[in-house]
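A.B. asks: I'd like to go over a predicted model; first the sequence, then the structure.
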Amino acid sequence: MSEATILLVDDDEISLVTLETTLKMNGFACLLACNGREALDMLAKNAVDLVVTDQQMPVMDGMELLKEIKARHGHIPFIMLTAFGTIDSAVLSIKEGANDYMQKPFDPPALLATIRRSLTYSRLSEENTKLKDQLNQKFSFHTIVTNSKVMRKALEDAEKVSAVPNTTVAVYGESGTGKEVLAQAIHFSGPRMADRFVAVNCASIPHNLLESELFGHVKGAFTGADRDRDGKFAYAQKGTIFLDEIGDAPLEIQGKLLRVLQERVYEKVGSNKQVKTECRVIVATNRDLKAMVKSGAFREDLFHRINSFPILLPPLRERKEDIPLLVNHFLELFRAEFGKPLPGVSGGAMERILAYPWPGNIRELKNCIERAAILSSGDEPILPRHLIINEGAAEKGGEAAEGGIRMAIDIPKERFSMDAVTDEVLRQALERCGNNKSKAAELLKVDRTIFYRRPV
């Protein structure tokens, strides 16, 4: 099989045959044309990976052909050959979109190297374009399923601000409402989508390490700092940094974040040298920052700075009309992932799903449907017995209905152990508390670090 198909264009028959022979000996398939007009006719009828053309030809010369190909088939790499090369003509051909420019008589190894380099660049460029398209599709606003007027308004606002790359966005909502998904959609729908999206959970990083994680440090800044290290702001470069759970950032870090947002500079830990940053900042929290400002737990100046464009995501219990849509969306995902037909959800199961308040919101609903899809045979609809729902949980927090807290633990005999029971208790506590680790730890009367030591 040939490496690629190359269209050779030259009015000199000897030069054309020499080129063809050289390329065929190295595994390439060739199409031949004696002028630019004939080359365009061939391009209309054949798939071509690269064009090599002489510059001076009758009917249509190489420069005219280059312009026509870029207008009609812009992705095809193009190499110009000429026996009358000048710096000006080389510069002009590159400006018009040629990948390279070589003089006749050509050196076969040099030409082959140029062809392979151009083909590699073209393939990488095409793969990069496809990857960008896939990211755009995966993280676009159109992938966020909703019938809710409130949610649609939030998406409309987010789509508008995505086009303004320097505006700081604050996303408010309970745990599991999709704050990071919305932040990704803002990034990948805007002009910064070619650069990185970097997510940092301020609640999951110990306070004494958060500054270094965000801004980096220099060698010797603290015990164990044996080398210079860049932080997340440097890694984000000209992309987007997403600061989740901003309400959990300590006051001393809040002051440094304020400076980044106001002056676009920061210092690494242990350094006085200013570092510039150009990334967009999106923050998110499930906490009441206004109340935290009043209590002194959050800086008022930082609150006003991050709150320039607030977006509120409603909890799932306030957008019940979205639940059937989301259930069908998740079933579609799990059909592909598990290779099961999963024909749908029975009426009884849907009634049970709609009656539950979903304190963990979309994340909890997705986990529930995933477990049901695993437990189901796949040929029958999801039934009530496939659903594992903590129906005794209150809508918020870790408090149950009157009479205390009820937990149903159902573990297969072969997996039953103290570790399995502990993991299930931790998981159910997280669900009851809307995936808020601090509240779940308070409910269980344990240190919240247990959720990082035993991820569930």
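C.D. replies: It's in.

A.B. asks: Could you use CA atoms for every contact and neighbour count after this?
C.D. replies: Fine.

A.B. asks: Would you map the strands across the stretch 51-200 of the chain?
C.D. replies: Here the stretch 51-200 of the chain has its strands, by DSSP state E, counting those that start in this stretch, at 78-82, 100-103, 169-172, 197-201.

A.B. asks: ok, residues contacting the first one?
C.D. replies: Identification of contacts with strand 78-82 by C-alpha atoms under 8 Å, 6 or more residues apart in numbering yields 50-56, 62, 66, 93, 97-104, 115, 118.

A.B. asks: Buried ones among the residues you listed?
C.D. replies: 50-56, 62, 66, 93, 97-103, 115, 118 (16 or more other C-alpha atoms under 10 Å).

A.B. asks: In helices, which of the residues you listed fall?
C.D. replies: When the buried ones among the contacts of strand 78-82 are checked against helices (DSSP state H), the matches are Gly62, Leu66, Ser93, Ile115, Ser118.

A.B. asks: which residues of the stretch 201-350 of the chain score low on pLDDT?
C.D. replies: Within the stretch 201-350 of the chain, no stretch has pLDDT under 70.

A.B. asks: what ranges do the helices span in it?
C.D. replies: 207-215, 232-236, 251-263, 289-295, 300-306, 323-338, 347-355 (DSSP state H, counting those that start in this stretch).

A.B. asks: same check, this time on the stretch 351-456 of the chain
C.D. replies: According to DSSP H, counting those that start in this stretch, the helices that the stretch 351-456 of the chain contains are 361-375, 418-432, 437-444, 450-453.

A.B. asks: I'd like these as JSON lines, with mean neighbour count, mean pLDDT and distance to Leu182 appended.
C.D. replies: Converted to JSON lines, the helices of the stretch 351-456 of the chain look like this (neighbours: other C-alpha atoms under 10 Å; pLDDT from 0 to 100; distance: least, C-alpha to C-alpha, whole Å):
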{"stretch": "helix 361-375", "mean neighbour count": "19", "mean pLDDT": "95", "distance to Leu182": "13"}
{"stretch": "helix 418-432", "mean neighbour count": "19", "mean pLDDT": "83", "distance to Leu182": "21"}
{"stretch": "helix 437-444", "mean neighbour count": "18", "mean pLDDT": "85", "distance to Leu182": "22"}
{"stretch": "helix 450-453", "mean neighbour count": "12", "mean pLDDT": "79", "distance to Leu182": "25"}
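
A.B. asks: Could you export the ones you listed to JSON lines, including columns for distance to Glu211?
C.D. replies: Output for these, formatted as JSON lines (distance: least, C-alpha to C-alpha, whole Å):
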{"stretch": "helix 361-375", "distance to Glu211": "29"}
{"stretch": "helix 418-432", "distance to Glu211": "27"}
{"stretch": "helix 437-444", "distance to Glu211": "21"}
{"stretch": "helix 450-453", "distance to Glu211": "19"}
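
A.B. asks: Name all residues that make contact with Leu261.
C.D. replies: Val281, Arg305.

A.B. asks: hang on, I meant Tyr452
C.D. replies: Ser204.

A.B. asks: what about Thr82, distance to Leu66?
C.D. replies: Counting by C-alpha to C-alpha, to the nearest Å, the gap from Thr82 to Leu66 is 14 Å.
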